[in-house]
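A.B. asks: One predicted model, sequence on top.
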Amino acid sequence: MADIAAVQELKAGLENSQGNFDIIITRLGAFATVWATIRADIQAIEEKLEYAHNTGSWTLMHGRLNTAAKLYAALGKALRQYQISVNPDQKMFKARNLA
């Protein structure tokens, strides 16, 4: 009987947590999308660097890299704000003056 009660208690706890699981899954999915974009950008940069090296088109490549650098700087700031908003009491953020 104790085993059945424990299983029922566990089941109730998991059912109450479903909303939290859904939020976590959504957030992880967003990170997967960001990571896929970063990976695709890195592959494109690699291909364009090879092309630029073979054709001497360094000026165009330099401009594209500057644009990507600005984009990723903005992304870094946005992710830092997200990190702080998810867990503002994290000691690591306070120690680094990020909160």
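C.D. replies: Done, it's in. Numbering: from 1, shown residues only.
A.B. asks: From Ala73, how far out is Lys48?
C.D. replies: Distance, Lys48 to Ala73, by C-beta to C-beta, to the nearest Å: 20 Å. Placement of C-beta: from N, CA and C, glycine included.
A.B. asks: Tell me which of these two has more neighbours.
C.D. replies: For Lys48 and Ala73, the more surrounded residue by other C-beta atoms under 10 Å is Lys48, and the numbers stand at 15 against 10.
A.B. asks: Touching, the more buried one and Met61? I think so.
C.D. replies: Yes. Judged on C-beta atoms under 8 Å, Lys48 makes contact with Met61 at a distance of 5.8 Å.
A.B. asks: for the helix or strand containing Asn54, packing partners?
C.D. replies: Using DSSP states H and E, Asn54 falls within helix 18-55. Applying 3 or more C-beta pairs under 8 Å, 6 or more residues apart in numbering; DSSP states H and E, one finds that helix 18-55 makes contact with helix 58-86.
A.B. asks: Which residues belonging to the helix it packs on are considered buried?
C.D. replies: By neighbour count with 16 or more other C-beta atoms under 10 Å, helix 58-86 contains the buried residues Met61.
A.B. asks: angle of it against helix 18-55?
C.D. replies: Helix 58-86 runs at 170 degrees relative to helix 18-55, counting by axes from the mean of the first three to the mean of the last three C-alpha atoms, to 10 degrees.
A.B. asks: How far off centre is helix 58-86?
C.D. replies: Its chain's C-alpha centre and that of helix 58-86 lie 13 Å apart, by C-alpha atoms, centre = their mean, to the nearest Å.
A.B. asks: Quick check: which helices or strands does that helix pack against?
C.D. replies: With contacts defined as 3+ C-beta pairs under 8 Å, 6+ apart, helix 58-86 has these neighbours: helix 18-55.
A.B. asks: Residue nearest the middle of this protein, spatially speaking?
C.D. replies: Phe31 (3.5 Å; C-alpha atoms, centre = their mean).
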